[in-house]
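Asks: Okay, sequence plus prediction incoming.
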Amino acid sequence: MERTAGSSGKTFAGHQPKGEGMKRGVTLGLVAFVAALVSDPVLAQPAQQGVMRPLEGVNFSRSDEVKCLSEAIEIGDPATGPSTWILKAPPGCVVPWHAHTAQEQLFIIRGTALAEMNDNPPTRLGPGGFAMMGAHMPHQFSCAGNTACLMIVTFDRAYDIKWGKGG
């Protein structure tokens, strides 16, 4: 196969103009990437349905681990993967030092929580407050003030808990 390359008009047997080989490589790479995505077993699962639930519709139950805490799993299966929980705590409720294998993210909806983590100063978090505790990072929180705390907590993998400050 002969091609004309550049403005010089010279032809090179078996060669492609500069850039065509790169374009072909990028195209083949994209095709391989899309093929890998399509063959991924996660994509083979049915699409997840949307979820909407007013706060009044949440069915809280007393925590087995912290008696002053009420909890509800909003979505996910804590035994096998990521999950999102909603928690209620009365003023003075303390969730003592503990850690998880998963990363935890905490969002305060109502009330004021005193959040504590190793290597971080204790911090008061009011509505809109956020804390992220990395995997195995010891932390604790308490519902401070006169208003009950309402919080959203997410875990990025299966839920477990190890009590104590040692992590």
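Replies: Arrived safely. The structure displayed is predicted, hence computed values, not measured ones.

Asks: how does the protein divide into domains?
Replies: Described in terms of automatic domain parsing, the domain architecture of the chain consists of the residue ranges 2-44, 55-163.

Asks: among those domains, which is the most enclosed?
Replies: Between the domains of the chain, the one whose residues have the most neighbours on average, counting mean count of other CB atoms under 10 Å, is domain 55-163 (a mean of 16). (Each C-beta comes from the backbone N, C-alpha and C, glycine too.)

Asks: quick revisit: let me have the domains of the chain in a markdown table, extended by mean pLDDT.
Replies: Supplementary listing: the domains of the chain in a markdown table, determined by pLDDT from 0 to 100:
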| stretch | mean pLDDT |
| --- | --- |
| domain 2-44 | 48 |
| domain 55-163 | 97 |
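
Asks: Go ahead and produce PDB holding the CA coordinates of stretch 149-163.
Replies: C-alpha atoms of stretch 149-163 as PDB (Å, rounded to 0.1, in the frame of the first residue of the first chain):
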ATOM      1  CA  CYS A 149     -29.300  14.900  66.500                       C
ATOM      2  CA  LEU A 150     -30.300  13.600  63.100                       C
ATOM      3  CA  MET A 151     -27.500  12.300  61.000                       C
ATOM      4  CA  ILE A 152     -26.800  10.500  57.700                       C
ATOM      5  CA  VAL A 153     -23.900   8.100  57.700                       C
ATOM      6  CA  THR A 154     -22.400   6.300  54.700                       C
ATOM      7  CA  PHE A 155     -20.000   3.400  54.500                       C
ATOM      8  CA  ASP A 156     -18.100   2.600  51.300                       C
ATOM      9  CA  ARG A 157     -18.000  -1.200  51.900                       C
ATOM     10  CA  ALA A 158     -19.400  -3.800  54.300                       C
ATOM     11  CA  TYR A 159     -20.100  -2.500  57.800                       C
ATOM     12  CA  ASP A 160     -18.200  -3.800  60.800                       C
ATOM     13  CA  ILE A 161     -17.200  -2.200  64.100                       C
ATOM     14  CA  LYS A 162     -14.300  -2.500  66.400                       C
ATOM     15  CA  TRP A 163     -14.800  -0.800  69.800                       C
END
